[in-house]
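Novice: Need a 3D model of the following:
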Amino acid sequence: MTAAPDAQRTLLTFAPMVDSETSRLLLHHYGVGYRESDHLVPWVMLLTLFNGGSGKVPLLHGAGPALTGPGAIAEHYDAMLPPERRLVPPDGPLAAQVKADWDLYNGGIGADTAAFAYFYLLPHGELMKPVFAAPVGAGERFLLPLLYPLMKILFRLILHLSPEHAEQAAARIRATFDITDKRIADGRPYLCGDRLTLGDIALAAASAPLLLPEGYGATMPALEAMPAPVANLIRELRAHPTGRFVQRLYAEGFARARG
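Specialist: Okay, here's the model as predicted:
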């Protein structure tokens, strides 16, 4: 599948979200032409409602069905490929493994990455305001100083941010990396062997905020500027075989091209 140069698809995102990066990687894999339209929370949630969505982010819309979230994007575009090229095999043991991987990485450490990173980063407005402002329009950049306190409250409520939750999230991330280290110890190029699957994309997107691989689609503070707990975890995870596995996926052309 190749991207149409005049494609009228728009990916409506809050740029730093794990699901936003997952969607970018999927659309790049499927060759879907799109433009990304990044907005601040909660404005982006309202925009999804105006464009056929449900308030959840990200939303792919225009010149086709409105698709909310990376799961819906994968389901829609995977069906257009022959079975041997699908990210989600149609049935059998491999299909069950890919589903388990999706649950583990997108539904597991994806949420844990957000909980850990936002707990430590949100108090540092001098770091995060430029991150949130980078991809949005001038009007939202102007309003960001006023919206930032509201965003902090929303993230605290949505992600249940607390010291205990952050430490539990870090422990689950470490445990998942340990499990994945053992799985890829035989040198396989992808999680399921020689075939790229949805699990690889889920792992890469979920861990990218804590690995900062070349080609990652969101702006993040520089490693040396990060609060010590975040910087230390990034260095620790990068040293894992799984960290190097994700870095390689991005380096070998797995990285998305912005639409």
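Novice: Make sure residue 229 is indeed in a helix.
Specialist: Yes. Assigned with DSSP: H, G, I helix; E, B strand; the rest coil, residue 229 falls within a helix.
Novice: Identify the residues contacting it.
Specialist: Taking Cβ atoms under 8 Å, 6 or more residues apart in numbering as the criterion, residue 229 is in contact with 120, 166, 170. All C-beta spots, glycine's among them, are computed from the backbone N, C-alpha and C.
Novice: Residue 69 too?
Specialist: Going by Cβ under 8 Å, 6+ apart, the list of residues near residue 69 reads 19, 23, 56, 58.
Novice: residues touching the last one, list them.
Specialist: Taking Cβ under 8 Å, 6+ apart as the contact definition, residue 58 lies against 11-14, 17, 19-20, 23, 68-70.
Novice: How about it: what's its closest non-neighbour residue?
Specialist: residue 13 (4.3 Å; Cβ to Cβ, 6 or more residues apart in numbering).
Novice: my guess is that neighbour contacts residue 40, does it?
Specialist: No. The criterion here is Cβ atoms under 8 Å, and residue 13 misses it with residue 40 at 10.8 Å.
Novice: Tell me which of those two has more neighbours.
Specialist: residue 13 (25 against 22; other Cβ atoms under 10 Å).
Novice: May I have the beta-bridge partners of the more buried one?
Specialist: On the basis of DSSP bridges, residue 13 is bridged to residue 38.
Novice: Helices along this protein, start to end?
Specialist: With helices called from DSSP state H, the chain shows them at 18-30, 43-50, 69-78, 93-104, 110-121, 125-133, 138-159, 163-183, 198-207, 228-238, 241-249.
Novice: if I look at residue 179, how far off is residue 198?
Specialist: Residue 179 is 18 Å from residue 198, where distance means Cβ to Cβ, to the nearest Å.
Novice: Settle it for me: which of those two has more neighbours?
Specialist: Per other Cβ under 10 Å, whichever of residue 179 and residue 198 has more neighbours is residue 198, with 28 against 11.
Novice: out of everything not next to it in sequence, what's closest to that one?
Specialist: In this structure, residue 198 finds its nearest non-sequential neighbour in residue 87, 4.2 Å apart by Cβ to Cβ, 6+ apart.
Novice: Tell me who's in contact with the one you found.
Specialist: Residue 87 neighbours (Cβ under 8 Å, 6+ apart): 26, 29, 74, 78, 98, 196-198, 201.
Novice: check contacts around residue 53.
Specialist: 12, 59, 61, 66, 68.
Novice: Okay, residue 214 and residue 68: tell me how far apart.
Specialist: Counting by Cβ to Cβ - residue 214 and residue 68 are separated by 29 Å.
Novice: Many thanks, we can stop here.
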